[in-house]
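# got a structure for you, letters missing:
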C-alpha cells in the first residue's frame, strides 16, 4: 500500500470493473441459456411420465388455443389448460398471462364432464427451484396419484375443489376426507348425520351440521357435553362469522372452545367475536355467563353478512 493514494486505489477498482464487463455480460447470457438447457432436460422427464401413464394422461380433442391435457385420476378427472403454459414458455413476461404459478386445473367428477366444474390451484412443493417442465411433470404425476395429493396437508385448494365437486356425501373422496379430518384435526365426519364433530375443552363436543342442507350456506353450529343432547348455537355461521366455512380455521379453533371465549389474550379474530354464538353458549356454560355479566367478557356488536 506504500506509495498508493486513495485516488490510485479507486482508479484501479474502476479499471478492474471495466475489464470485467464483458465477462459479466457473458455470464448473464450463460444463465439464460442454462434455464433453457434444464427445461430441455425436463422435457425428457415429462415425456417419460406421459409414456408411463399413456392410458390415463393424453391430449384432449380440442386444438390450440382451447387445448387441454386430460388426466384420469382415481378420485376425479382433470383438465390442465395448455395454452397458458405454452405462452409462459414462449414469453413469460407477457402482460396477458396474469399467471402466478401453474394455471388452475379443472376438476370433473368421475365418469362425466360438467360445465359448472370446480377449479383447483395446485402448486407442487418447492416448484420455484426446479425447471418449469419438471413442475408440469410433477403436477401430472400428482393428479394420477390423486389420493396421496388429497391427503397432503399443503394441498387445501385441491381438497376443497373435490369436496365442491361431490359434496359431503358418500363419494369417491368421502373415505379419504374422513381420514384427513381425523389425522389433521382429530375430527369425525358422520355422513348419515350430516355433521362434522370435534372435541373442545371442558367436556364440550362441537358439531358443524347442515352439510347437506341446501338452505344452509355454511354450517350450523351446535355443542354437546359428554354425549348429551345437542344445543344449537346458530343455524348458519354464514350470518354471524366471516370465516364461516373454512374448516382449516373452524376445527382448530373449536378444539380450544369454550376456554378460548374466556381468554383475554386469545388471538382468535372471529368465533370469539360472534355475539350470537357467545350469547348462546353462555346460556349453557356458567363460566362464560358470569364473565359476561361481570364485564370480563364484552359481547361484540352484532355482525351481519351485509357488513
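Here it is on my side, so go on. In this text, all values refer to a predicted model and were calculated from it rather than measured experimentally. Residues are numbered from 1 along each chain as shown.
# give the contact list for residue 270.
241, 242, 243, 249, 253 (CB atoms under 8 Å, 6 or more residues apart in numbering). Bear in mind the C-beta positions are built from the backbone N, C-alpha and C, glycine included.
# which of those are buried?
241, 249, 253 (16 or more other CB atoms under 10 Å).
# so what's the second one closest to, chain neighbours aside?
The shortest distance from residue 249 to any non-neighbouring residue, by CB to CB, 6 or more residues apart in numbering, is to residue 243 (4.6 Å).
# Same question for the last one.
Ranked by CB to CB, 6+ apart and with sequence neighbours excluded, the top spatial neighbour of residue 253 is residue 271, at 5.1 Å.
# got the contact list for that neighbour?
241, 250, 253, 254, 257, 260, 277.
# which ones among these are found in helices?
Among the contacts of residue 271, the members falling in helices (DSSP state H) are 250, 253, 254, 260, 277.
# Of those - the most surrounded one?
Using other CB atoms under 10 Å as the neighbour criterion, residue 254 leads the ones in helices among the contacts of residue 271 with 27 neighbours.
# tally of neighbours for the closest residue to that one other than its chain neighbours?
The shortest distance from residue 254 to any non-neighbouring residue, by CB to CB, 6+ apart, is to residue 206 (4.2 Å). Close neighbours of residue 206, defined as other CB under 10 Å, add up to 24.
# what lines up beside the one helix or strand residue 206 maps to in the sheet?
Assigned by DSSP states H and E, residue 206 belongs to strand 204-209. Strand 204-209 sits in its sheet next to strand 195-199 (antiparallel), strand 220-225 (antiparallel), going by DSSP bridges.
# Let's test this: mean pLDDT of that strand, rounded?
Averaged over strand 204-209, pLDDT sits at 98.
# please begin residue numbering at 31 from this point
Renumbered: residue one is now 31, and that last one reads strand 234-239.
# Pull the distance from that strand to the chain's centre.
24 Å (CA atoms, centre = their mean, to the nearest Å).
# Residues contacting it, please?
Against strand 234-239 from outside (CB under 8 Å, 6+ apart): 223-230, 246, 249-255, 260, 267, 277, 280, 284-285, 287-288.
# where do the strands sit along the chain?
Secondary structure of the chain by DSSP state E: the strands cover 87-89, 98-102, 106-111, 135-139, 148-150, 218-220, 225-229, 234-239, 250-255, 261-264.
# what's the spacing between the longest helix seen in the chain and its chain's center?
Longest helix of the chain, by residue count under DSSP H: helix 51-82. Centre-to-centre, helix 51-82 and its host chain are 30 Å apart (CA atoms, centre = their mean).
# how big is the angle separating it from strand 98-102?
Relative orientation of helix 51-82 versus strand 98-102 (axes from the mean of the first three to the mean of the last three CA atoms, to 10 degrees): 50 degrees.
# And helix 51-82, what does it pack against?
Contact here means 3 or more CB pairs under 8 Å, 6 or more residues apart in numbering; DSSP states H and E; on that basis helix 51-82 packs against helix 162-174.
# buried ones in the longest helix of the chain?
For helix 51-82, by 16+ other CB under 10 Å, it's 69, 72, 75, 76, 79, 80.
# residue contacts, the last one?
With CB under 8 Å, 6+ apart as the criterion, the residues that contact residue 80 are 87, 170.
# Now the terminal residues of stretch 205-224, how far apart.
From its first residue to its last, stretch 205-224 covers 14 Å (CA to CA, to the nearest Å).
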